[in-house]
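Student: I'd like to go over a predicted model; first the sequence, then the structure.
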Amino acid sequence: MPQDQKDLASARSKMLADLLRAGPIVPVITLERVEDAVPLARALVAGGLRLLEITLRTAAAAESAAAIIREVPEAIVGIGTVLTPKDLERAEALGARYALSPGATPDLLEAASRGEMPFIPGIATASELMAALAHGFHTVKFFPAVAAGGIPALKALAGPFPQARFCPTGGIDEKNARDWLALSNVVAIGGSWVCQTSDIRAQAWSEITAKAQRALMSIKE
Ligand SMILES: O=C(O)C(=O)C[C@H](O)[C@H](O)COP(=O)(O)O
């Protein structure tokens, strides 16, 4: 791949590491109804969480993300579950600030390094990380974090890959959030525990705000 393309991906990766660090908790959001999008985003922002990941898993996802981007300017919206170059285009068309994937295919890495959208690929192994790094992406999602080896796995990856920065996601909650963030190569953590489907279905916005606040408290104690 052209060096300037890789340098650009790398510069965006650095920007993303800084953005994530300011989180440093990214709620992973799956919305079933567009009407829940704005109140949910407001509830999370009220609880102190501004970096959001809206997964492209539901029919309501794109319209929900668009509503949040339009109506909740404090939220910094990323599009998650980006599986294909087409999904990446959708994220860009929605006006998202960044896009995330649970993994990465060669096509997706190639499209992301050619495109404009800041992108966080997912990795679970050293080889997958090497493919991401070869394209300039050194800020990556570690997914599924707990199932793929947990904290010892990230500690081990720090040895050969000191330049990599991680946002572990998958199996993280307020009981282990602080331990993950204590690792020097972890810039943020992601998870759905602050905005569970049952709470969204019940439109339990104040409960979600309280969970967001508790999540932030849990990493300070
Ligand atoms: O859909 C994606 O793009 C993903 O990367 C998967 C999510 O990040 C995890 O499903 C969140 O994991 P939990 O916090 O354990 O629920």
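Tutor: Thanks, I have the structure now.

Student: Tell me the helices and strands packed up against the worst-scoring helix or strand of the chain on mean pLDDT.
Tutor: Lowest on mean pLDDT, DSSP states H and E among the helices and strands of the chain sits helix 3-21, with a mean of 93. Applying 3 or more Cβ pairs under 8 Å, 6 or more residues apart in numbering; DSSP states H and E, we find helix 3-21 packed against helix 106-114, strand 119-120, strand 139-142, strand 165-168. To be clear about C-beta, it is placed using only N, CA and C from the backbone, and glycine gets the same treatment.

Student: What strands line up against the second one, and which way round?
Tutor: Yep, that's strand 119-120 we're talking about. Partners of strand 119-120 in the sheet, by DSSP bridges, are strand 98-100 (parallel).

Student: Pull up the residues of the chain that are close to the ligand.
Tutor: By Cβ under 6 Å from any ligand atom, the residues of the chain that approach the ligand are 28, 55, 80-81, 100, 102, 122, 143, 169-172, 190-193.

Student: repeat that for 5 Å
Tutor: 28, 55, 80-81, 102, 143, 169-171, 191-192 (Cβ under 5 Å from any ligand atom).

Student: need the contact list for the nearest residue to residue 126 once chain neighbours are set aside.
Tutor: Using Cβ to Cβ, 6 or more residues apart in numbering and skipping residues adjacent in sequence, the residue nearest residue 126 is residue 157, 6.5 Å away. Residue 157 makes contact with 126, 129, 164, 166, 185, according to Cβ atoms under 8 Å, 6 or more residues apart in numbering.

Student: follow-up on the earlier one: which one of the residues of the chain next to the ligand has the most neighbours?
Tutor: Per-residue neighbour counts (other Cβ atoms under 10 Å) across the residues of the chain next to the ligand peak at residue 80, which has 29 neighbours.

Student: Contacts only, for that one.
Tutor: Under the criterion of Cβ under 8 Å, 6+ apart, the neighbours of residue 80 are 28-29, 53-56, 99-102.
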